[in-house]
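Q: This is a predicted model, with the sequence first.
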Amino acid sequence: MKIRTLWISAVLPAVFLGTAFLGQAGAAIKKVALEEVLSIGGLDDEALFQWTGVASDAEGFIYVLDAMDYSLKKFDPHGKLVKKTGRKGQGPGEFIAPRLLDASPNFLYATDQNVAGVFVFDRELNFKRRIPCPSLVAYLKALGDDAVAVLTMGFQEPGKILVLNGEGKILSELAFADKAPGLLMDSVSFVPDGRGQLYLAYLFQDRVEKWTLDGKRLWSKKLLGVKKVEKKKISSLTLPGETCFKDIALDGRGHIFVLGGRLSKSPSRDVYVLSPGGEHLTTFTLPDTSHCLYIDRDNFLYARANDGITLKKYRILYD
Amino acid sequence: MTYHHRRTIALLVCLLVASGSFLGLIAAEPGAGVCERAFFECLNDPLNQAMGYLGMMYCGIGYGFCKKYIDPA
């Protein structure tokens, strides 16, 4: 009787709730496919020249950093260019080498390869300020209107992910890298899960990992079966020569999408889909090579086509 | 290598040169790829050498971006 009561009162609700939770976050999927819903820029127009970063907002506007004309562009949900800002230079709102972009509810965060900091724009593309950063920024994700996470790397010290507020004050610091990782071996892309945890994908190592922001590694996975990436000697420095994972994103169901690099079967096109626990669920292939993977709040996936002249938006189809 | 690939590489090289750090492409060593050659030139750029550690950092981040963006071309 007591056992039966326990089942009814505790175990069954737990099973039900667990199943319900799985239905929302990281549910098992067998196959992922893409359906193109929008294409911006082409060989016959001048919408984009060589885009590097993309972000979107709650109203469906799409923001793109274009390296070839040193600009930040805003497109409406139908792909029409509605505003453009920026030019070549080192003044406020100007770029030398625009690279990374992300959005919070009210702001856009952009980086320039030459600048140790993050540029902040409002959604009308007005330059607001520069968040100072102790080092050049190698990767970036917005955490909110007053917080941004950046990857800083050093030749002398291992890479770190810093959480900065709007004034550049370091709010927290994740030292994820090995003590002596080797030059650029700590290059990662990362994505926060909104619950104080981060997923990391290494550019030059066969490693995808989950970390807590306070520095605990929850799991580490290899997806490519690569033991060691080939290295090349340039001048007196030894550099990794082949890429493993180029970008990482989270879909609306909590699945981890990891874009494979040169060492994938279809280089720069294979996307590995993992559960929040790190289980490899499936792999699908992008129609074209990409350096970037972005999934918006409505679960549309954005990637590159035509070597950066075109931005594609896809609906994610699950099976 | 398609026309688009060649165009992308040409555009990227122009961009890197314009950024004031990768000053042209001269072979670092036989068989080196475009990113390796750009990194070599970046390291040997007097401006970057004058910046010391920061210049090396800039070259390293540029190399990572190059590998992400155009490799494989």
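A: That came through, no problem.

Q: Could you pull up phi and psi at the residue of chain A found nearest chain B?
A: Closest contact between chain A and chain B, by C-beta to the nearest C-beta, is at A:D307 (3.7 Å). In this view, the C-beta of every residue, glycine as well, is placed from N, C-alpha and C. The phi/psi pair for A:D307 (degrees, to the nearest 10) reads phi 60, psi 30.

Q: wait, it sits on A:T289?
A: Yes: counting by C-beta atoms under 8 Å, A:D307 touches A:T289, with 7.5 Å between them.

Q: how about the CA coordinates for the longest helix along chain B, as CSV?
A: Taking DSSP state H as the criterion, chain B has its longest helix at helix B:53-70. Taking Å, rounded to 0.1, in the frame of the first residue of the first chain, the C-alpha atoms of helix B:53-70 are listed here in CSV:
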residue,chain,number,x,y,z
TYR,B,53,52.2,41.6,-28.1
LEU,B,54,49.0,43.4,-29.3
GLY,B,55,50.2,43.2,-32.9
MET,B,56,50.7,39.4,-32.5
MET,B,57,47.3,39.1,-31.0
TYR,B,58,45.7,41.0,-33.9
CYS,B,59,47.4,38.7,-36.3
GLY,B,60,46.3,35.6,-34.4
ILE,B,61,42.6,36.7,-34.3
GLY,B,62,42.9,37.6,-38.0
TYR,B,63,44.2,34.1,-38.7
GLY,B,64,41.3,32.5,-36.8
PHE,B,65,38.8,34.7,-38.7
CYS,B,66,40.4,33.8,-42.0
LYS,B,67,40.3,30.1,-41.2
LYS,B,68,36.6,30.4,-40.3
TYR,B,69,35.6,32.5,-43.2
ILE,B,70,37.5,31.2,-46.3
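
Q: Which SSE is immediately downstream of the lowest-mean-pLDDT helix or strand in chain B?
A: Sorting the helices and strands of chain B by mean pLDDT, DSSP states H and E puts helix B:3-18 at the bottom, at a mean of 50. Using DSSP states H and E, the helix or strand that follows helix B:3-18 in sequence is helix B:34-43.

Q: In terms of secondary structure, what does that following helix contact?
A: Helix B:34-43 is packed against strand A:231-234, strand A:237-240, helix B:3-18, helix B:53-70, with contacts defined by 3 or more C-beta pairs under 8 Å, 6 or more residues apart in numbering or on different chains; DSSP states H and E.

Q: ok, then the element right after it?
A: helix B:46-51.

Q: Could you confirm whether that next one reaches chain A?
A: No: interface with chain A: helix B:46-51 contributes nothing (C-beta under 8 Å from any C-beta of the partner chain), its closest point being 10.6 Å away.

Q: now for that helix, which elements pack on it?
A: Partner elements for helix B:46-51 (3+ C-beta pairs under 8 Å, 6+ apart): helix B:53-70.

Q: buried ones in the helix it packs on?
A: B:55-70 (16 or more other C-beta atoms under 10 Å in any protein chain shown).

Q: Next: stretch A:81-90.
A: Buried, per 16+ other C-beta under 10 Å, within stretch A:81-90: A:81, A:84-86.

Q: In strands, which of these appear?
A: A:81, A:84-85 (DSSP state E).

Q: surely A:K246 meets A:H291?
A: Yes: A:K246 lies in contact with A:H291 (C-beta under 8 Å); the separation is 5.6 Å.

Q: which residues are common contacts for these two?
A: A:268, B:68 (C-beta atoms under 8 Å, 6 or more residues apart in numbering or on different chains).

Q: Where does pLDDT dip in chain B?
A: The model of chain B has pLDDT under 70 over residues B:1-32, B:72-73.

Q: That should have said the stretch 1-150 of chain A, apologies.
A: A:1-27.

Q: interface residues of it facing chain B?
A: So the stretch 1-150 of chain A meets chain B at A:43, A:49-50, A:52, A:67-68, A:88, A:96-97, A:99, A:113-114, A:135-136, A:138 (C-beta under 8 Å from any C-beta).

Q: ok, of those, which come out buried?
A: A:49-50, A:52, A:67-68, A:96-97, A:99, A:113-114, A:135-136, A:138.

Q: Could I get the full set of strands for the stretch 151-300 of chain A?
A: Per DSSP state E, counting those that start in this stretch, the stretch 151-300 of chain A carries strands over the ranges A:160-165, A:170-174, A:188-192, A:197-202, A:208-212, A:217-221, A:231-234, A:237-240, A:245-250, A:256-260, A:270-274, A:280-285, A:294-295, A:300-305.

Q: Can you list the helices and strands that the first one packs against?
A: Which is strand A:160-165. Using 3+ C-beta pairs under 8 Å, 6+ apart: strand A:160-165 touches strand A:147-152, strand A:170-174.

Q: and stretch A:96-113, how far out from the chain's middle?
A: Distance of stretch A:96-113 from its chain centroid, counting by C-alpha atoms, centre = their mean, to the nearest Å, is 12 Å.

Q: Quick check: buried residues in that stretch?
A: Per 16+ other C-beta under 10 Å, stretch A:96-113 contains these buried residues: A:96-104, A:107-113.

Q: which of those sit farthest apart?
A: Largest separation among the buried residues of stretch A:96-113 by C-beta to C-beta: A:I96 and A:S104, giving 24.2 Å.

Q: How about the contacts made by the nearest residue to A:I161 once chain neighbours are set aside?
A: In this structure, A:I161 finds its nearest non-sequential neighbour in A:L174, 4.3 Å apart by C-beta to C-beta, 6 or more residues apart in numbering or on different chains. Going by C-beta under 8 Å, 6+ apart, A:L174 touches A:160-162, A:198, A:211, A:213-215.

Q: and A:L174, what pLDDT?
A: The model reports A:L174 with a pLDDT of 96.

Q: Relative to A:K128, how far out is it?
A: With distances taken as C-beta to C-beta, to the nearest Å, A:L174 is found 26 Å from A:K128.
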